[in-house]
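> Take this sequence and fold it.
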Amino acid sequence: MTSSAAGMLLLVAIAALTSAARRAIRLHGSTRRLGWVLVLSGVIGVLATGVMLYEIWVSTLLGPDDTTLG
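A predicted model of the protein is given here:
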């Protein structure tokens, strides 16, 4: 997975979680579910950022001419 694909996946995940939070508040009026949705959004953001940083680190180690990782 490239960094741009991970970034797009992150945006889609945050959009889905935001939609779920709005639906939870509208249906139940509960901010408790909103808290869990925000926690999940943060975890997904941290994971996606870690994946992007790892890919950048690997690409700097291998150099621009090595395309064996896909």
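> what comes up buried for the longest helix seen in the chain?
Taking DSSP state H as the criterion, the chain has its longest helix at helix 32-62. Of the residues in helix 32-62, 33, 37, 41, 44, 48, 51-52, 55 count as buried by neighbour count, 16 or more other CB atoms under 10 Å. C-betas here are computed from N, CA, C, even on glycine.
> and those as TSV, adding pLDDT?
Compiled in TSV, the buried residues of helix 32-62 are given as follows (pLDDT from 0 to 100):
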residue	pLDDT
33	68
37	72
41	75
44	79
48	77
51	80
52	77
55	78
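> Using CSV, please lay out the residues you listed together with distance to residue 23.
Below are the buried residues of helix 32-62 laid out as CSV (distance: CB to CB, whole Å):
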residue, distance to residue 23
33, 9
37, 10
41, 14
44, 18
48, 23
51, 28
52, 29
55, 33
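> Which of these sits closest to residue 15?
residue 41 (9.9 Å; CB to CB).
> List the residues that contact that closest one.
Residues in contact with residue 41, defined by CB atoms under 8 Å, 6 or more residues apart in numbering, are 13-14, 17-18.
> check which helix or strand covers the most centrally placed residue in the chain.
The chain has residue 10 as the residue nearest its centroid, 3.0 Å off, counting by CA atoms, centre = their mean. According to DSSP states H and E, residue 10 maps onto helix 3-28.
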